[in-house]
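S.K.: Pasting the sequence and the predicted coordinates here, then a few questions.
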Amino acid sequence: MAVMRTILLGGLAVAAVVAGTVAVRTASFAPKDIADGRDVTLAAAPPYDIGAAVRHLSAAAQIRTVSNQNVADNEVAEWDRLHGWLASTYPAVHAAMERTILPNRTLIYHWAGSDASLAPIIVMAHQDVVPVTPGTEGDWKYPPFAGIIAEKAVWGRGTVDDKGSLIGLFEALEALAKAGFNPKRGIYLVSGHDEEAGGTGAIAAAAKLKAAGVKAIFTLDEGSIVLTDTPVIDGPSIMIGIAEKGYATLKVTANAPGGHSSMPPAETGVETLAKAILAITAKPFPLEMRGPGASMIEALAAKKGGSTKMAVANQWLFGPLLKRQLGEAPTTAAAFHTTIAPTMLEGSPKENVLPQSASALINYRIAPWNRSADVMARAKAAAGTKVDLAWVKPPREPSRVSSTSSQGWKWIAAAARADAPDAVLTPTLVVAGTDSRSMEPVSEDVYRFMPMHFSLKESAMIHGTNEHMKIDSFKRMIDFYARLIATSAG
């Protein structure tokens with residue numbers, strides 16, 4: 001009995017220590033190193049005509065700068081048309097800023113600052129849009145390239161991605177120029193011509209800026225939004241992308257003798273390929289609570305409170321449960337590991353012929369803490385020696401992670417909070433790609449954020465059917481850009 005009593009008392013003591021530790025860590029928990037920008041004094045946005053701005057977005061949506069998979073299918077004259085339209089629509093911008101059109105039609109605008117000792121800022125938005133899937137045109141509420149203004153929105157391909165940002169920036173800069181704004185800090189506007197098809201324009205622009213000795217204090221591009229129904233808190237959050245995942249496509253090839261399908265060997269090339277694919281996907285990269293995804297969860301949990309805050313504050317105890325919950329939804333899980341997605345298959349040219357070569361493409365989005373070498377090593381270990389593995393083209397490594405306490409972050413955070421004071425400010429990981437990654441050599445920090453207010457359901461229209469920019473969101477964008485530029489460069 002004495003032994004049992006000792007064991008029981010010991011167990012209770014351990015439980016008390018655990019409970020006390022959990023309570024203390026929960027009570028003291030707060031997101032780490034995320035500045036709120038409250039020490040920034042924001043400049044006011046100058047006056048402008050929102051009705052005219054909406055008409056300008058409508059006109060821009062009608063210019064078909066579509067980046068096709070086959071570059072030869074692009075209507076290059078549409079890019080020239082857009083450039084001419086921008087010059088005639090925004091005369092004050094073109095008077096104040098020097099414009100450079102690269103041979104590939106990427107644009108660089110420069111508004112020189114009065115103090116050359118101050119590092120400039122770079123703002124970005126791309127010119128091109130994705131195609132409308134053939135056969136789906138009839139699914140659109142309004143024609144995809146008509147730029148229809150209806151239901152308090154501008155409808156059409158690219159109104160959100162990314163002509164909304166492009167025209168929003170020009171509207172803000174035009175208003176500032178007309179108001180007599182004279183920047184102390186230089187301003188660069190970079191607009192890639194092919195973000196949707198590889199981003200070679202942004203690469204060329206970055207090379208030109210680097211050759212000119214440019215080193216910006218920050219770069220701001222597309223990438224994330226104000227999400228109105230954020231998971232965990234079911235409320236608004238200002239989600240600023242501080243990094244983006246890498247991109248790589250692996251080709252898996254199974255070579256075989258081939259022959260007639262009436263006399264198949266014990267294992268065909270297709271079977272070998274299938275086994276290799278299954279072996280690779282059966283060893284996914286583990287979810288890890290680190291990087292921008294972890295910072296995001298910490299900020300949301302601190303706002304949510306209760307058991308959510310307790311779990312995030314005490315990952316030493318609740319870590320496995322937390323990872324299990326985060327892994328339940330693909331949209332959430334993607335922020336916490338490198339993803340593996342088989343996408344394309346190729347085999348025999350005829351149904352009764354055994355292929356001499358069967359291949360598959362596997363697309364990876366690489367988390368900031370992994371590299372393409374990790375991906376290749378893991379795939380080789382899983383697939384074995386019966387297949388060949390090779391990159392389709394050189395992988396794009398993950399971006400570096402930008403600061404959440406720098407001056408650039410503070411300016412962006414303050415400009416965003418002015419429009420959404422009750423929203424949670426949180427860093428995030430952009431799981432897709434943006435042109436901004438090319439600016440790392442010429443910028444101290446790179447951020448990815450557009451101040452559009454979208455729900456999760458509304459965000460699905462990006463690259464999809466019935467893409468449209470709500471006038472309310474468009475006005476928020478113009479005000480945000482004007483405040484940010486006037487504050488950071490003024």
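M.R.: Sure, I can see it. Residues are numbered from 1 along each chain as shown.
S.K.: only C-alpha atoms for contact and neighbour calcs from this point on.
M.R.: Fine.
S.K.: how much space between P421 and R38?
M.R.: In this view, P421 and R38 are 11 Å apart by C-alpha to C-alpha, to the nearest Å.
S.K.: P451 too?
M.R.: Distance check for P451 against R38: by C-alpha to C-alpha, it reads 18 Å.
S.K.: When the two are compared, which one has more neighbours?
M.R.: The residue with more neighbours, out of P451 and R38, is P451; 28 against 14, by other C-alpha atoms under 10 Å.
S.K.: For the more buried one, give me phi and psi.
M.R.: phi -80, psi 40 (degrees, to the nearest 10).
S.K.: shouldn't it be in contact with M477?
M.R.: Yes: contact between P451 and M477 holds when scored by C-alpha atoms under 8 Å: they sit 5.5 Å apart.
S.K.: Give me the pLDDT value at the residue nearest to P355 when sequence neighbours are not counted.
M.R.: Spatial nearest neighbour of P355, excluding adjacent residues (C-alpha to C-alpha, 6 or more residues apart in numbering): S348 at 4.4 Å. Looking at S348, its pLDDT reads 95.
S.K.: same thing with S191?
M.R.: Predicted confidence (pLDDT) at S191: the value is 98.
S.K.: wait, what's in contact with it?
M.R.: With contacts defined as C-alpha atoms under 8 Å, 6 or more residues apart in numbering, the neighbours of S191 are T106, L107, I108, M124, A125, H126, Q127, L166, A202.
S.K.: Now do the contacts for the fourth one.
M.R.: This points to M124. Neighbouring residues of M124 by C-alpha under 8 Å, 6+ apart: L166, L189, V190, S191, T219, L220, D221, E222, S436.
S.K.: what's the helix or strand for the second one?
M.R.: Assigned by DSSP states H and E, L189 falls within strand 187-191.
S.K.: May I have the strands that pair with that strand, each with its orientation?
M.R.: Strand pairing for strand 187-191, determined by DSSP bridges: strand 107-111 (antiparallel), strand 121-124 (parallel).
S.K.: Can you name the next helix or strand after it?
M.R.: Heading C-terminal from strand 187-191 (DSSP H and E), you reach helix 200-211.
S.K.: Report the angle between that following helix and strand 107-111.
M.R.: Comparing the axes of helix 200-211 and strand 107-111 via axes from the mean of the first three to the mean of the last three C-alpha atoms, to 10 degrees yields an angle of 40 degrees.
S.K.: And the contacts of helix 200-211?
M.R.: Residues from elsewhere that reach helix 200-211 (C-alpha under 8 Å, 6+ apart): 102, 104-108, 190-195, 435-436, 438-439, 441-442.
S.K.: Mind checking which of those are buried?
M.R.: The neighbour-count criterion (16 or more other C-alpha atoms under 10 Å) marks 105-108, 190-195, 435-436, 438-439, 442 among those as buried.
S.K.: wait, which of the residues you listed is closest to M289?
M.R.: Distances from M289 to the buried ones among the contacts of helix 200-211, taken as C-alpha to C-alpha, are shortest for S436 (25.0 Å).
S.K.: A helix includes that closest one, no?
M.R.: Yes: the secondary structure assignment for S436 places it in a helix, going by DSSP: H, G, I helix; E, B strand; the rest coil.
S.K.: Report the contact partners of it.
M.R.: Going by C-alpha under 8 Å, 6+ apart, S436 touches M124, A202, T219, L220, D221, V446, Y447, R448.
S.K.: Identify the residues contacting I122.
M.R.: Counting by C-alpha under 8 Å, 6+ apart, I122 makes contact with I187, Y188, L189, V190, A216, F218, T219, L220.
S.K.: mind checking how far stretch 188-203 is from the chain centre?
M.R.: Using C-alpha atoms, centre = their mean, to the nearest Å, the distance from the centre of stretch 188-203 to the centre of the chain it belongs to is 14 Å.
S.K.: residues in contact with K410?
M.R.: Contacts for K410 were tallied using C-alpha under 8 Å, 6+ apart; they are A35, D36, G37, R38, V40, T404.
S.K.: Tabulate the residues you listed in CSV, adding columns for secondary structure.
M.R.: Compiled in CSV, those are given as follows (three-state DSSP):
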residue, secondary structure
A35, coil
D36, coil
G37, coil
R38, coil
V40, coil
T404, coil
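S.K.: List buried residues within those residues.
M.R.: Buried residues within the contacts of K410, counting neighbours by 16+ other C-alpha under 10 Å: A35, D36, G37, V40, T404.
S.K.: Next, the contact list for the second one, please.
M.R.: The reference is to D36. The contact partners of D36, taken as C-alpha under 8 Å, 6+ apart, are K410, A413, A414, L425.
S.K.: Strands of the stretch 51-200 of the chain, residue ranges please.
M.R.: Defined through DSSP state E, counting those that start in this stretch, the strands belonging to the stretch 51-200 of the chain, from first to last, are 98-101, 107-111, 121-124, 149-150, 153-155, 187-191.
S.K.: JSON lines for the ones you listed, including distance to V24?
M.R.: Formatted as JSON lines, the entries for the strands of the stretch 51-200 of the chain read as follows, by distance: least, C-alpha to C-alpha, whole Å:
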{"stretch": "strand 98-101", "distance to V24": "57"}
{"stretch": "strand 107-111", "distance to V24": "52"}
{"stretch": "strand 121-124", "distance to V24": "42"}
{"stretch": "strand 149-150", "distance to V24": "54"}
{"stretch": "strand 153-155", "distance to V24": "49"}
{"stretch": "strand 187-191", "distance to V24": "47"}
